[in-house]
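Q: Generate a structure from the sequence data that follows.
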Amino acid sequence: MQKKALFAKARTKFNSVKHAKYDNKVIHDFDYKDYKAAIDNDIINKYSIGTITIPSVGIKEPILEGVSNQKLSVGVVTVKPNQKPGQGNYALAGHNQLNNGKLLFGNLAYVKPGNQIIISTKEGTFKYQVTQIDKRLSAAHGEIIDDNQGEGIVTLYTCNNQTNNDRIFVRARLLE
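A: All right, here's what the predicted structure looks like:
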């Protein structure tokens, strides 16, 4: 079954995942073996808790609870336990896959200030407006996901394929 069909099936229900893991140290570059394993293991249906849409750059991906290579191969992941959109710093990570910019966070580099980000979960639909972008953020800046960064924000990040050590970072504020 293709990812698109799996994603459409998963969108109809958002799970409450209780056993997600959050070890960022196990993450490696995108690997098609992880993708195949994710499809075989029905990862989208097991861990989908919502969707992220950035209409201006064509991003529409499932949000999966917890961090793993399989999850990152088919969607974007929550990077902290017990996150809720609209509260604190809702942080999401994704692979930057460059299949004409149409996979995962491949188009995140094209987001501009003022663009809208839409997060849909069982808690509802949350609309954010992009306020900050950094395409050369050092990977050492792990504090970007901390809740002390602000209230009612979403933080998105991915690797920068142009520079191996930098991250593309996008921050947006909740629209009221």
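Q: can you map out the strands along the chain?
A: In the chain, the segments counted as strands under DSSP state E are 48-54, 59-64, 76-78, 89-93, 96-97, 103-104, 116-121, 124-138, 153-159, 166-174.
Q: Ok, which of the ones you listed comes nearest D31?
A: D31 sits nearest to strand 96-97 of all those, at 10.9 Å, using C-beta to C-beta. C-beta: built from backbone N, CA, C; applies to glycine.
Q: Show me how far the closest one is from its chain's centre.
A: Its chain's C-alpha centre and that of strand 96-97 lie 11 Å apart, by C-alpha atoms, centre = their mean, to the nearest Å.
Q: a markdown table for the strands of the chain, including distance to D34, mean neighbour count and mean pLDDT?
A: Output for the strands of the chain, formatted as a markdown table (distance: least, C-beta to C-beta, whole Å; neighbours: other C-beta atoms under 10 Å; pLDDT from 0 to 100):
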| stretch | distance to D34 | mean neighbour count | mean pLDDT |
| --- | --- | --- | --- |
| strand 48-54 | 17 | 23 | 95 |
| strand 59-64 | 13 | 22 | 93 |
| strand 76-78 | 12 | 25 | 94 |
| strand 89-93 | 15 | 23 | 94 |
| strand 96-97 | 11 | 22 | 76 |
| strand 103-104 | 12 | 21 | 76 |
| strand 116-121 | 24 | 19 | 97 |
| strand 124-138 | 24 | 15 | 87 |
| strand 153-159 | 15 | 23 | 89 |
| strand 166-174 | 20 | 21 | 88 |
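Q: how about the ones you listed in CSV, adding distance to D40?
A: CSV is the format used below for those (distance: least, C-beta to C-beta, whole Å):
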stretch, distance to D40
strand 48-54, 16
strand 59-64, 16
strand 76-78, 19
strand 89-93, 23
strand 96-97, 19
strand 103-104, 19
strand 116-121, 26
strand 124-138, 31
strand 153-159, 25
strand 166-174, 30
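Q: between the ones you listed, which gets nearest to D147?
A: Among the strands of the chain, strand 89-93 sits nearest to D147 (C-beta to C-beta), with 5.0 Å.
Q: What strands line up against that closest one, and which way round?
A: Partners of strand 89-93 in the sheet, by DSSP bridges, are strand 76-78 (antiparallel), strand 153-159 (parallel).
Q: Format the ones you listed as a markdown table; extra columns: distance to S120.
A: Below are these laid out as a markdown table (distance: least, C-beta to C-beta, whole Å):
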| stretch | distance to S120 |
| --- | --- |
| strand 76-78 | 13 |
| strand 153-159 | 12 |
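Q: V67 is nearest to which of these?
A: By C-beta to C-beta (comparing all of the strands paired with strand 89-93), the closest turns out to be strand 76-78, at 5.1 Å.
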